[in-house]
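Pasting the sequence and the predicted coordinates here, then a few questions.
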Amino acid sequence: MNLYKIVTLKQWNDSQQKEYLVVGSMDQEFIHFAEEENYLRIGEKFFKGQEVMILLLESSKLDPNQVTFIMA
């Protein structure tokens, strides 16, 4: 399963010289991801009118010992 992360272009640019992804306030408690069938809807709802980057995360390449998945 692929997951998608939407970030603003500013967050993306701010991340380029760091070893981590700069995220917004809605991601302070945990990082929000979307599945393929709903990332466009989420982008429209939360990022309308903003320049964004849509990042693809291939979950098959993640180490399950280092990631916690919570399906809501």
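Everything's here; your move. Nothing here was measured: the structure is a model prediction, and the numbers come from that model. Residues are numbered from 1 along each chain as shown.

Please name the residues that touch the spatially closest residue to S15 that is not a sequence neighbour.
What sits nearest to S15 in space, not counting adjacent residues and going by Cβ to Cβ, 6 or more residues apart in numbering, is V22, at 4.5 Å. Where you see a C-beta, it was placed from the backbone N, CA and C, and this is true even at glycine. By Cβ atoms under 8 Å, 6 or more residues apart in numbering, the residues touching V22 are V7, Q11, W12, D14, S15.

what's around the second one, how many residues?
For Q11, the number of neighbouring residues by other Cβ atoms under 10 Å comes to 18.

How about the first one?
As a burial measure, the neighbour count of V7 was computed by other Cβ under 10 Å and equals 21.

if we can go back for a sec, looking at the residue nearest to S15 now. What's its pLDDT?
We have a pLDDT of 84 for V22.

Check the one 4 residues further on too.
At M26, the model reports a pLDDT of 79.

For F33, see how far away L62 is.
11 Å (Cβ to Cβ, to the nearest Å).

Which one's more surrounded, the two?
Shown here are L62 and F33; by other Cβ under 10 Å, F33 has more neighbours (17 against 12).

Nearest spatial neighbour of the more buried one, chain-adjacent residues omitted?
Leaving aside its sequence neighbours, F33 sits nearest to L3 (Cβ to Cβ, 6+ apart; 4.1 Å).

give the contact list for that neighbour.
Counting by Cβ under 8 Å, 6+ apart, L3 has contacts F33, A34, E35, L56, L57, S59.

returning to that earlier point: tell me which helix or strand the residue nearest to S15 sits in.
Element membership for V22, per DSSP states H and E: none, as it lies in no helix or strand.

Repeat that for L3.
With DSSP H and E as criterion, L3 is part of strand 2-8.

can you pull the buried residues of that strand?
For strand 2-8, burial by neighbour count (16 or more other Cβ atoms under 10 Å) applies to L3, Y4, K5, I6, V7, T8.

Redo those as CSV? Include pLDDT and distance to I42.
What follows is the buried residues of strand 2-8, written out as CSV (pLDDT from 0 to 100; distance: Cβ to Cβ, whole Å):
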residue, pLDDT, distance to I42
L3, 90, 12
Y4, 92, 8
K5, 91, 10
I6, 92, 6
V7, 92, 12
T8, 91, 13
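
Understood, closing this out.
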